[in-house]
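# need a structure here:
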Amino acid sequence: MGQEERSLASAQVTQTGLVENADLRFPRTGTRETMRVAVIAYTAIAMGVLGALIYVSVEGLSSWGHLMVLAGIVLATIGVMIAVDPLRRD
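Have a look, this model is predicted:
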């Protein structure tokens, strides 16, 4: 019986579950290491699309009123993103 087995034998049920179920291959985001290239590619494409949308939106503004509406939409979107964040603490 090894040192690790002896220490687990005296551990509580929740402690043994944490040790047995620990999977260190997955970072905090839950994405696998093999998907890293796909995540980087998706992020690059999404940033390009976002840049194009921002450019088209700013080009279409004809007055300060339109700018204020766009700013309100952006702030509301950021507020929703903060509100639905699964890692947010109450």
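# residues touching Ser57, list them.
Shown in contact with Ser57 (C-beta atoms under 8 Å, 6 or more residues apart in numbering): Leu70. For the C-beta atoms, the positions are set from N, CA and C on the backbone; glycine is no exception.
# for it, report the pLDDT, please.
On pLDDT, Ser57 comes in at 84.
# quick check: what element follows the helix or strand hosting it along the chain?
When elements are defined using DSSP states H and E, Ser57 is found to belong to helix 36-59. Of the helices and strands lying after helix 36-59 in sequence (DSSP H and E), the nearest is helix 64-83.
# low-scoring stretches of the protein, by residue?
1-34, 90 (pLDDT under 70).
# the helix holding Ser57 vs helix 64-83, what angle?
Helix 36-59 runs at 150 degrees relative to helix 64-83, counting by axes from the mean of the first three to the mean of the last three C-alpha atoms, to 10 degrees.
# with just CA atoms, put helix 36-59 into PDB.
C-alpha atoms of helix 36-59 as PDB (Å, rounded to 0.1, in the frame of the first residue of the first chain):
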ATOM      1  CA  ARG A  36      -6.700  25.200 -28.900                       C
ATOM      2  CA  VAL A  37      -6.100  25.700 -32.700                       C
ATOM      3  CA  ALA A  38      -9.800  25.700 -33.400                       C
ATOM      4  CA  VAL A  39     -10.500  28.200 -30.600                       C
ATOM      5  CA  ILE A  40      -7.700  30.500 -31.900                       C
ATOM      6  CA  ALA A  41      -9.100  30.300 -35.500                       C
ATOM      7  CA  TYR A  42     -12.700  31.000 -34.300                       C
ATOM      8  CA  THR A  43     -11.500  34.000 -32.300                       C
ATOM      9  CA  ALA A  44      -9.600  35.400 -35.200                       C
ATOM     10  CA  ILE A  45     -12.600  35.100 -37.500                       C
ATOM     11  CA  ALA A  46     -14.900  36.500 -34.900                       C
ATOM     12  CA  MET A  47     -12.600  39.500 -34.400                       C
ATOM     13  CA  GLY A  48     -12.500  40.200 -38.100                       C
ATOM     14  CA  VAL A  49     -16.300  40.000 -38.400                       C
ATOM     15  CA  LEU A  50     -16.700  42.300 -35.300                       C
ATOM     16  CA  GLY A  51     -14.200  44.800 -36.800                       C
ATOM     17  CA  ALA A  52     -16.200  44.900 -40.100                       C
ATOM     18  CA  LEU A  53     -19.500  45.400 -38.200                       C
ATOM     19  CA  ILE A  54     -18.000  48.200 -36.100                       C
ATOM     20  CA  TYR A  55     -16.600  49.900 -39.300                       C
ATOM     21  CA  VAL A  56     -20.000  49.700 -41.100                       C
ATOM     22  CA  SER A  57     -21.900  50.900 -38.000                       C
ATOM     23  CA  VAL A  58     -19.600  54.000 -37.500                       C
ATOM     24  CA  GLU A  59     -19.700  54.800 -41.200                       C
END
